[in-house]
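A.B. asks: generate a structure from the sequence data that follows.
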Amino acid sequence: MTKLLLMDYDTNLVYIIKYELECMIGGYEVMIATNKQEGINIWEKERPDAIVCDAEMLGENACNISIKIRQEDENAILLFMLSEFSPKDVISAYNSGVTGYLKKPFIPEELSAHIQSLLRFKYGKYNKKNPDLRKIGDCILDVGHCTLINQQKENKIALTARETEILKMLCEEKGGIVKRDRILKKVWYTKDENDFYASRSFDVLLSNLRKKIILEGIKIKTIRGVGISLDSE
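C.D. replies: Prediction:
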């Protein structure tokens, strides 16, 4: 799953793009920042695969910041978004380490196409990365393709990006408990575990996920007031 940092002053825009990208097959883990310092803090902590930033948010120091990012992470994809830009802007940005430009307005599918194209160049046209696979009972969780595969039944279950991330977290705990507040912070990026919207969204998602995987002999147990754990037969 591609980890993406989206930086823009427009709160409505970033949440719309975030939602659309996370619903795509293959999925994105999208972090958002609505001011420069917040974006820098997230980048320093998370080191995303791709950074998509409104260049105006960075102000006159946009190229200096891109140089800093490139010095510390030479592999990250860095896209600047702008409504208008001059040839001089483009030359300066590319010289500072920017990977590409995206003209506003755009649709999420367009942004995804840019990122996927750059990822193909980054890893080489014929280089196939090893898929991120996790075993759950008789099934294999293909994280990269958001799919749960039962090889015995030759059955495939399509998952959402968030469902995939939660199953991945459960696999990493190897039967241990994944705390509810940790899931809300990592998957919904909430800073408050009492966030009603995120908490309700998690409950609905968990209910839907259980229905999808129950026939595969996989159960998710709820430890009231603590979190959830994986129980595969």
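
A.B. asks: can you pull the buried residues of the worst-scoring helix or strand of the chain on mean pLDDT?
C.D. replies: In the chain, the helix or strand scored least confidently by mean pLDDT, DSSP states H and E is helix 108-123, which has a mean of 78. Residues of helix 108-123 classed as buried by neighbour count (16 or more other CB atoms under 10 Å): 108, 111-112, 114-115, 118. C-beta coordinates here come from the backbone N, C-alpha and C atoms, glycine included.

A.B. asks: check the residues you listed and tell me the two furthest apart.
C.D. replies: Put simply, by CB to CB the two of the buried residues of helix 108-123 set farthest apart are P108 and L118, 15.8 Å from each other.

A.B. asks: next one, pLDDT for I25 please.
C.D. replies: Note on I25: pLDDT of 56.

A.B. asks: which residues does C53 bridge with?
C.D. replies: M7, F80 (DSSP bridges).

A.B. asks: do I have it right that it meets V14?
C.D. replies: No - in this structure, C53 is not within contact of V14 by CB atoms under 8 Å, at 10.8 Å.

A.B. asks: more crowded one of the two?
C.D. replies: Using other CB atoms under 10 Å, the more surrounded residue of C53 and V14 is C53, with 26 against 20.

A.B. asks: which SSE is immediately downstream of the one helix or strand Y94 maps to?
C.D. replies: Using DSSP states H and E, Y94 maps to helix 87-96. In the C-terminal direction, the helix or strand that comes right after helix 87-96 (DSSP H and E) is strand 100-103.

A.B. asks: so how far is that next one off the chain centroid?
C.D. replies: Offset of strand 100-103 from its chain centre (CA atoms, centre = their mean, to the nearest Å): 20 Å.
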